[in-house]
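Visitor: what's the 3D shape of this:
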Amino acid sequence: MTVAQTSARDFFRSAYDNRYTWDHSFPGYTADVTYKTGDKTFTGKAKVTPELKGEVSGIEDEAAEKAIANQLWEVAIHRIRRDFEQTHGANTFSYGETDENGEVEIIMGGKAEGDRYKVKDNVVSMVHRHIHGVVVTIHTFSTHDTGEGYLSHRYDSVYHDPKTGEQRGGHSVFEDDYEKVGDYFILSRRFVKTETEKGEETQEFVFSNIELSS
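Guide: Numbering: from 1, shown residues only. So this is what the prediction gives:
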């Protein structure tokens, strides 16, 4: 079925449902974590509970502990399985432009007025959302095909002020790798490079000895 024959809602819903998420039987997991930032390295323990809450232990540096906890939260929030209607039932969808790369723009209305997405090859390749008083724009450049949906591999993110359009913070590029543990794909490495006014900053999070909780 071509885009022209498909409603914008159904076209977007197909890509939404194609994202990899954990099922409701997800038991949580534990892992060793190594965090590198600049010339500093920290090691500790990481845990994600069945309720998808992240916990970090064994790291006394408050900033390092927070950085790891933020990554666990980011991972867990994107693995939550939410029904399409639960997330987007109050939104309307219409087609925008199709660019030279074949990415099809989806323009949101209703509750998500002002948000935009792009979809290509049944993948949400761009997100432009208003969230917590800022606008976040994320482009996905490559993905992992798990056989049960896709996971982003290389992508970037940047934040802007919704009123002035002024950039807030740096421009970050991410690279994620995953390991299949039991029935679940779990983040094993995330490398982040951020361009700021002060220069380039890098962070690497490595999760090893990943074990599902019993």
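
Visitor: When you work out contacts or count neighbours from here on, use the C-alpha atoms and nothing else.
Guide: Will do.

Visitor: the strands in this protein, which residues?
Guide: Counting by DSSP state E, residue ranges of the strands within the chain are 29-37, 40-48, 54-57, 91-98, 104-110, 116-120, 123-131, 134-145, 150-160, 167-181, 184-196, 199-212.

Visitor: Count the neighbours of the closest residue to Gly44 other than its chain neighbours for me.
Guide: Here the nearest residue to Gly44 in space, its sequence neighbours aside, is Gly58; by Cα to Cα, 6 or more residues apart in numbering that works out to 4.7 Å. Using other Cα atoms under 10 Å, Gly58 is surrounded by 13 other residues.

Visitor: So in this structure, where's the weakest helix or strand by average pLDDT?
Guide: Evaluated with mean pLDDT, DSSP states H and E, the helix-and-strand set of the chain has its lowest mean pLDDT in helix 84-88, which scores a mean of 92.

Visitor: Please name every helix or strand in contact with that helix.
Guide: Helix 84-88 sits against helix 8-17, with contacts defined as 3 or more Cα pairs under 8 Å, 6 or more residues apart in numbering; DSSP states H and E.

Visitor: Packing partners of the helix it packs on?
Guide: helix 84-88, strand 91-98, strand 123-131.

Visitor: Which residue, other than its chain neighbours, is closest to the most centrally placed residue in the chain?
Guide: In the chain, the centroid-proximal residue (Cα atoms, centre = their mean) is His78; its distance is 5.6 Å. Nearest non-adjacent residue to His78, counting by Cα to Cα, 6+ apart: Thr21, 7.2 Å away.

Visitor: ok, that neighbour - contacts?
Guide: Taking Cα atoms under 8 Å, 6 or more residues apart in numbering as the contact definition, Thr21 lies against 78-81, 149.

Visitor: how far away is it from Asp177?
Guide: The span separating Thr21 from Asp177 equals 15 Å under the rule Cα to Cα, to the nearest Å.

Visitor: same thing with Ala90?
Guide: To Asp177, Ala90 is 34 Å away according to Cα to Cα.

Visitor: now Lys111
Guide: When Cα to Cα is the yardstick, Lys111 and Asp177 sit 34 Å from each other.

Visitor: For Ser7, find the nearest of the helices and strands packed on helix 8-17.
Guide: Ser7 lies closest to strand 91-98 among the helices and strands packed on helix 8-17, at 7.9 Å (Cα to Cα).

Visitor: what's next to that closest one, contact-wise?
Guide: So strand 91-98 is contacted by 7-9, 104-113 (Cα under 8 Å, 6+ apart).
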